[in-house]
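Asker: return atomic coordinates for the entry below.
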Amino acid sequence: MLPSRVSLVDVGPRDGLQNERQPVAATHKIELVHRLQAAGLREVEVTSFVSPRWVPQMADNAEVMAGIHRRPGVRYSVLVPNLKGFEAAVPTQPDEIVVFGACSEAFSQKNINCSIAESIERFAPVTAAARAAGIKVRGAISCAVGCPYEGDIHPDRVELVARLMHEIGVQHVGVADTIGVGTPRRVQAAMERALRHYPLDEVSGHFHDTYGQALANVHACLQMGVHVFDASVGGLGGCPYAKGATGNVATEDVVFLLHGLGIETGIDLDALVDAAGWISGVLGRKPVSRVANAVLAKRPTAEAAA
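Answerer: Below is the predicted model of the structure:
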């Protein structure tokens with residue numbers, strides 16, 4: 001029994017663009033958000049409030065948030081690594097903040113220089129402050145099936161992080177296959193552990209397509225009733241700590257799958273492909289997305305280049 005409607009969170013402006021080595025202008029980031037919401041996206045992960053020393057691409061976070069023409073019914077989220085990041089984000093009025101914890105001790109140390117337990121301790125005051133301010137808190141559980149340093153991750157580790165996040169007040173968790181090694185049964189096992197601590201409405205999937213399994217993993221989660229997924233326009237993104245890891249599954253590829261299954265998304269696929277083609281052009285390359293390339297190839301050359 002598949003869900004009749006699915007919500008997609010486009011993480012391209014944040015999780016996708018943060019991995020780009022070439023500077024991307026704030027005006028282009030703002031335009032990307034505008035194109036996504038015009039295509040029907042109702043949840044967009046816009047930027048992150050991290051140290052520009054670590055992620056220079058996100059140094060314009062406040063400028064980007066200030067430049068967005070907000071639409072009613074659209075949720076704008078930002079990632080924060082600690083209380084300092086949260087305090088910097090609050091004046092920009094995010095609708096949601098995202099905190100993150102890994103299922104791998106080695107990845108946690110490499111990514112944020114602390115243990116899993118320490119990361120949860122770091123986020124506890126952030127979560128409390130956000131909820132006191134009426135801002136929703138979403139948690140990302142990274143390396144939920146595999147780690148570039150530790151290899152396969154047991155589902156017990158997913159349950160541990162989900163439980164710890166629930167205990168500090170995180171309201172929603174995303175189960176993330178950060179390096180794209182998951183396959184349907186392994187992803188279902190990880191998702192099942194998160195569902196022991198969160199209701200179905202507050203669990204989502206976040207899949208990278210390194211081994212070409214992301215759409216299969218989305219479908220496997222749909223079979224469990226999961227109806228919220230992260231995706232990235234044009235397949236933007238990657239993982240700086242995992243050699244060879246590609247971007248998040250492309251939003252337009254997921255939309256094509258969902259519409260083919262008769263599942264509503266509220267998203268205009270053609271407008272979404274336009275957005276994918278546009279941001280890929282800004283970056284000087286073709287979209288990674290199979291659907292975007294297929295649709296753009298059918299259009300007149302002048303239109304595809306617009």
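Asker: figure out the helix or strand that residue 205 lives in.
Answerer: According to DSSP states H and E, residue 205 maps onto strand 203-207.
Asker: tell me which helix or strand comes right after that strand.
Answerer: helix 214-222.
Asker: next one: that following helix to chain centre, how far?
Answerer: 15 Å (CA atoms, centre = their mean, to the nearest Å).
Asker: relative to the very next helix or strand once past it, what are the paired strands and their orientations?
Answerer: Using DSSP H and E, the helix or strand that follows helix 214-222 towards the C-terminus is strand 228-231. According to DSSP bridges, strand 228-231 forms sheet pairs with strand 7-10 (parallel), strand 203-207 (parallel).
Asker: so which of those is the most packed in?
Answerer: strand 203-207 (a mean of 27; mean count of other CB atoms under 10 Å). C-betas here are computed from N, CA, C, even on glycine.
Asker: what's the angle between that one and helix 214-222?
Answerer: Relative orientation of strand 203-207 versus helix 214-222 (axes from the mean of the first three to the mean of the last three CA atoms, to 10 degrees): 170 degrees.
Asker: am I right that residue 101 sits in a strand?
Answerer: Yes - looking at residue 101 with DSSP: H, G, I helix; E, B strand; the rest coil, it is inside a strand.
Asker: residues in contact with it?
Answerer: For residue 101, the contact set (CB atoms under 8 Å, 6 or more residues apart in numbering) comprises 108, 116, 119, 120, 123, 139, 140, 141, 142, 161, 164, 165.
Asker: let's test this: mean pLDDT of the strand holding residue 205, rounded?
Answerer: The pLDDT scores in strand 203-207 average 97.
Asker: for stretch 174-181, same thing?
Answerer: pLDDT averaged over stretch 174-181 gives 95.
Asker: over to stretch 2-12?
Answerer: Taken as a whole, stretch 2-12 carries a mean pLDDT of 98.
Asker: only C-alpha atoms, please: export the strand holding residue 205 in CSV.
Answerer: In CSV, the C-alpha atoms belonging to strand 203-207 read as follows (Å, rounded to 0.1, in the frame of the first residue of the first chain):
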residue,chain,number,x,y,z
VAL,A,203,10.6,10.0,9.4
SER,A,204,12.1,10.7,6.0
GLY,A,205,14.6,9.1,3.6
HIS,A,206,17.8,10.8,2.2
PHE,A,207,19.5,8.7,-0.4
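Asker: what sits up against it?
Answerer: By CB under 8 Å, 6+ apart, strand 203-207 touches 9, 11, 140, 172-178, 180, 182, 187, 191, 194-195, 213-214, 217-218, 221, 226, 228-230, 248-249.
Asker: got the contacts of residue 101 as a markdown table, with secondary structure columns?
Answerer: Formatted as a markdown table, the contacts of residue 101 follow (three-state DSSP):
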| residue | secondary structure |
| --- | --- |
| 108 | helix |
| 116 | helix |
| 119 | helix |
| 120 | helix |
| 123 | helix |
| 139 | strand |
| 140 | strand |
| 141 | strand |
| 142 | strand |
| 161 | helix |
| 164 | helix |
| 165 | helix |
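Asker: need those residues in TSV (columns: neighbour count).
Answerer: Shown next, in TSV, are the contacts of residue 101 (neighbours: other CB atoms under 10 Å):
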residue	neighbour count
108	23
116	19
119	23
120	22
123	27
139	28
140	26
141	28
142	25
161	30
164	21
165	29
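Asker: could those residues be laid out in a markdown table, adding distance to residue 87 and pLDDT?
Answerer: Formatted as a markdown table, the contacts of residue 101 follow (distance: CB to CB, whole Å; pLDDT from 0 to 100):
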| residue | distance to residue 87 | pLDDT |
| --- | --- | --- |
| 108 | 23 | 82 |
| 116 | 24 | 88 |
| 119 | 18 | 88 |
| 120 | 19 | 92 |
| 123 | 14 | 94 |
| 139 | 19 | 97 |
| 140 | 20 | 96 |
| 141 | 24 | 96 |
| 142 | 24 | 93 |
| 161 | 25 | 97 |
| 164 | 23 | 96 |
| 165 | 21 | 97 |
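Asker: of those, closest to residue 60?
Answerer: residue 140 (22.0 Å; CB to CB).
Asker: what's the closest non-adjacent residue to that closest one?
Answerer: residue 100 (4.1 Å; CB to CB, 6 or more residues apart in numbering).
Asker: ok, that neighbour - contacts?
Answerer: 79, 81, 112, 119, 139, 140, 141, 142.
Asker: how about residue 68?
Answerer: By CB under 8 Å, 6+ apart, the contact set of residue 68 is 30, 33, 34, 46, 76.
Asker: swap in residue 232?
Answerer: 10, 11, 12, 15, 16, 247, 248, 249, 250, 251.
Asker: now with 10 Å?
Answerer: Residue 232 sits next to 9-17, 45, 206, 208-209, 238, 247-252, 254, 276, 288-289 when contact means CB atoms under 10 Å, 6 or more residues apart in numbering.
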